[in-house]
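J.: model the structure of this input:
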Amino acid sequence: MNKLIYLFSLLSILTLSCKEDIKSYKNEEVSSQQTDIPNNEPEKLKQSWEGIYAYARLNVETGTYRYYHLVQVNTDSTVIYIDKNGIEHPAQILENKNSSLIVSLTYDDTKELIEIDNDNELNVSEKILSYDEEYMLAENNYEKIYIPLEDIFKFSNDNYGSVNSTNGLSMREGPSLNSKKITTLPFNSKVSIFSSTKKYDHIILSGNEKVVGEWKRVLYEGKEGEEFQGYVFDKFIRYDINIYDLPIDRSSEDPDRTYVDIYNEKQFFDNLGSMTTLNIKVKKLDLVQYIQDNIDTIDILDNFKVLNHGGVPEGIYYINEKENRILLKDYYDLEIRSDKKTEITTYPLFFASFQGVLLNNLKFKLVTDNPYAELIDIDQSYALYFYNIDFNNDQNIGISESQEHINFVHCDFNGNTELRINYKSSVTIDQCKFYNNKKERNLYLETLVGEDHISQLVLSNSYIGHNKELKNVIVVNRFEENPLFEITLENNTYQENKNLEEIVKEIQECC
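T.: Alright, predicted model coming up:
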């Protein structure tokens, strides 16, 4: 029996095989709406059942618990089950006895039962918590515990974020805009992400901007030490990431890292370099205007040298007026971040031979006369990470011959934005949102024959919704017969895609 149980995977596995080469992808079912368990509103609970019941481990030094399975019973008789992946699932009280409380939830389309007895012990069904895992928990000093609801701050999952809206962010009692407001979290205040609801809202901001966010339950400690827990709309959360947590080889590096605050375009150009963190402090940077104003001092390349960029040293270059592109070449262990979701106005960007580069909390404004130009063209790069990035309105991204660790995490692909993955590339997309797309696809994958040309794509924990013309999430173009490619789909949510026919579609079109 497996020791790890992944909840709500909703996967069906499709394996296609031929005599010599194998291609495979795991496909997902399409559902237009999420399924909630009806609440039968049983009578008000006895006070003894209100609280949090969990398999958890106590950190003696910090006094915090790490939970693995948790049931929260509220005063108003509502019940929430939170799995070890931090995802909330609605539950209901089936029986309220003097000796025990029986809670029911739907798990993988089957009803599962959880019993809480009068010794405050949580007994979880075999399917949710296997015997092997229960034994493993016991061997590692995990325990079944009960704590009062007001002590929810004793739980920790080491997943943090910061408020990304300069106007602050409302915390609400429930995962809905109609729910009662608890407080306003100030800009840049830190929150602990307690759980995920998988409930999404599509809202209209000022200027008719349409955005999507998921409701997350967070814990927040105010300046006076007061503690709050409630739900926030995560479009306005910047998820924390430390570049030192990324798998970057630093064995040959000088230990001294450079940190620079950036207030203008000149500082950006002058300080861009390896082993550097650029923290942009302004709302906008206009690289296009800076290049036009300083064309006599900018390093300029012609297109021939770009196509043969092996002889071009590390640096940032402007590619001549016919191309109007910006080349960034040979950077490693570089971080470009902002606190205020800085908008960077730019010509199309060409990232070549990157190793260990993190772009965090940015958005782009693309300037080009070429309708086929890509916002970012990534070539022969390794360990490139996009965190908390907004890609908007025809800002396509192309990836070529980038074998490992090209990652998009907590990114928004809003409008007619397409990710194009060419052969010999490996891409992971996790906890991203694809919405307001009027094209027939979100992702395009090219494939060729041969182990050296394998294309890999992982799409997980992401939202694909409110796409009017979307017919396929992923289109695979097989230039040759029986190419090698791998596609893995896990725990994605599909909503309001009225023309969606299938998740993955294969075609065969010549280049």
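J.: residue 62: neighbour count?
T.: Residue 62 has 9 neighbours, counted by other Cβ atoms under 10 Å. For the C-beta atoms, the positions are set from N, CA and C on the backbone; glycine is no exception.
J.: let me see the contact set for the closest residue to it other than its chain neighbours.
T.: Leaving aside its sequence neighbours, residue 62 sits nearest to residue 156 (Cβ to Cβ, 6 or more residues apart in numbering; 7.5 Å). Shown in contact with residue 156 (Cβ atoms under 8 Å, 6 or more residues apart in numbering): 59, 62, 64, 65, 66, 192.
J.: show me how to select, in PyMOL, the buried members of these.
T.: Buried residues among the contacts of residue 156 (16 or more other Cβ atoms under 10 Å), as a PyMOL selection:
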select buried, resi 64+65+66+192
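J.: and residue 420, how close does it get to residue 115?
T.: When distance is defined by Cβ to Cβ, to the nearest Å, residue 420 is 51 Å away from residue 115.
J.: and the contacts of residue 156 as TSV, adding pLDDT?
T.: Putting these into TSV (pLDDT from 0 to 100) gives the following:
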residue	pLDDT
59	80
62	82
64	84
65	84
66	82
192	94
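J.: just the contacts of residue 156: which are in helices?
T.: Among the contacts of residue 156, no member falls in helices (DSSP state H).
J.: for the contacts of residue 156, which one is nearest residue 102?
T.: residue 65 (24.3 Å; Cβ to Cβ).
J.: so what pairs up with the closest one in the strands?
T.: Here residue 65 sits in beta bridges with residue 58, residue 155, going by DSSP bridges.
J.: pretty sure it contacts residue 55?
T.: No - using Cβ atoms under 8 Å, residue 65 is not in contact with residue 55, being 9.9 Å away.
J.: how about the secondary structure of residue 217?
T.: strand (DSSP: H, G, I helix; E, B strand; the rest coil).
J.: typo on my end, residue 475
T.: In three-state terms, and counting by three-state DSSP, residue 475 is strand.
J.: ok, it to residue 502 distance?
T.: Remark: distance between residue 475 and residue 502 (Cβ to Cβ) = 10 Å.
J.: and for residue 339?
T.: Per Cβ to Cβ, residue 339 is found 41 Å from residue 502.
J.: who has more neighbours, those two?
T.: residue 339 (16 against 12).
J.: which residues touch that one?
T.: Contacts of residue 339 (Cβ under 8 Å, 6+ apart): 162, 188, 238, 279, 281, 361.
J.: now list the buried members of those.
T.: The neighbour-count criterion (16+ other Cβ under 10 Å) marks 162, 238, 361 among those as buried.
J.: including secondary structure and pLDDT, could those go into TSV?
T.: TSV is the format used below for those (DSSP: H, G, I helix; E, B strand; the rest coil; pLDDT from 0 to 100):
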residue	secondary structure	pLDDT
162	strand	96
238	strand	96
361	strand	97
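J.: surely residue 442 touches residue 467?
T.: Yes - counting by Cβ under 8 Å, residue 467 is a contact partner of residue 442 at 7.5 Å.
J.: got any residues that touch both of those two?
T.: Residues touching both residue 442 and residue 467 by Cβ under 8 Å, 6+ apart: residue 434.
J.: all helices of this protein, in order?
T.: Taking DSSP H as the test, the helices found in the chain are 131-139, 265-271, 287-293, 303-307.
J.: report the mean confidence score over the shortest one.
T.: Going back to what we said before, that points to helix 303-307. Across helix 303-307, pLDDT averages out at 58.
J.: so what's the residue nearest to the spatial centre of the chain closest to, chain neighbours aside?
T.: Central residue check for the chain by Cα atoms, centre = their mean: the C-alpha nearest the mean position is that of residue 431, 2.5 Å away. Nearest non-adjacent residue to residue 431, counting by Cβ to Cβ, 6+ apart: residue 461, 4.7 Å away.
J.: from residue 208, how far out is that neighbour?
T.: Using Cβ to Cβ, residue 461 is found at 29 Å from residue 208.
J.: comparing these two, which residue is more hemmed in?
T.: Using other Cβ under 10 Å as the criterion, residue 461 and residue 208 rank with residue 461 on top: 19 against 6.
J.: my guess is the more buried one contacts residue 433. True?
T.: No - contact between residue 461 and residue 433 fails when scored by Cβ under 8 Å: they sit 10.5 Å apart.
J.: show me where pLDDT drops low in the stretch 201-350 of the chain?
T.: Along the stretch 201-350 of the chain, segments meeting pLDDT under 70 span 251-255, 302-311, 321.
J.: switch to 80 and redo it
T.: Where the stretch 201-350 of the chain drops to pLDDT under 80, the residues are 248-256, 299-313, 320-323.
J.: that older thread, for the residue nearest to residue 431, give me its contacts.
T.: Neighbours of residue 461 in contact, by Cβ under 8 Å, 6+ apart: 430, 431, 490, 491, 492.
J.: need the buried ones among the contacts of residue 339 in CSV (columns: distance to residue 368).
T.: Shown next, in CSV, are these (distance: Cβ to Cβ, whole Å):
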residue, distance to residue 368
162, 33
238, 28
361, 24
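J.: contacting residues for residue 469?
T.: 437, 438, 439, 440, 499.
J.: then residue 459?
T.: Residue 459 is in contact with 429, 443, 473, 474, 487, 488, 489, 490, 492, counting by Cβ under 8 Å, 6+ apart.
J.: what sits closest to the second one if chain neighbours are left out?
T.: Among residues not flanking residue 443 along the chain, residue 474 sits closest, at 4.5 Å (Cβ to Cβ, 6+ apart).
J.: ditto for residue 312
T.: Nearest residue to residue 312, sequence neighbours excluded (Cβ to Cβ, 6+ apart): residue 329, at 5.3 Å.
J.: so the one you found makes contact with residue 313?
T.: Yes - using Cβ under 8 Å, residue 329 makes contact with residue 313 at a distance of 7.3 Å.
J.: looking at those two, which one has more neighbours?
T.: The residue with more neighbours, out of residue 329 and residue 313, is residue 329; 20 against 9, by other Cβ under 10 Å.
J.: and the more buried one, bridged to which residues?
T.: Following DSSP bridges, residue 329 is listed with bridge partners residue 315, residue 352.
J.: which residues does it contact?
T.: Taking Cβ under 8 Å, 6+ apart as the criterion, residue 329 is in contact with 309, 312, 313, 314, 315, 316, 317, 352, 353.
J.: same question, residue 173
T.: Residues in contact with residue 173 (Cβ under 8 Å, 6+ apart) are 179, 180, 181, 182, 230, 231.
J.: sorry, back to before: how much space between the residue nearest to the centre of the chain and residue 101?
T.: Counting by Cβ to Cβ, the gap from residue 431 to residue 101 is 33 Å.
J.: for residue 275, same thing?
T.: Distance from residue 275 to residue 101, by Cβ to Cβ: 56 Å.
J.: out of the two, which sits in the more crowded spot?
T.: Per other Cβ under 10 Å, whichever of residue 275 and residue 101 has more neighbours is residue 101, with 23 against 17.
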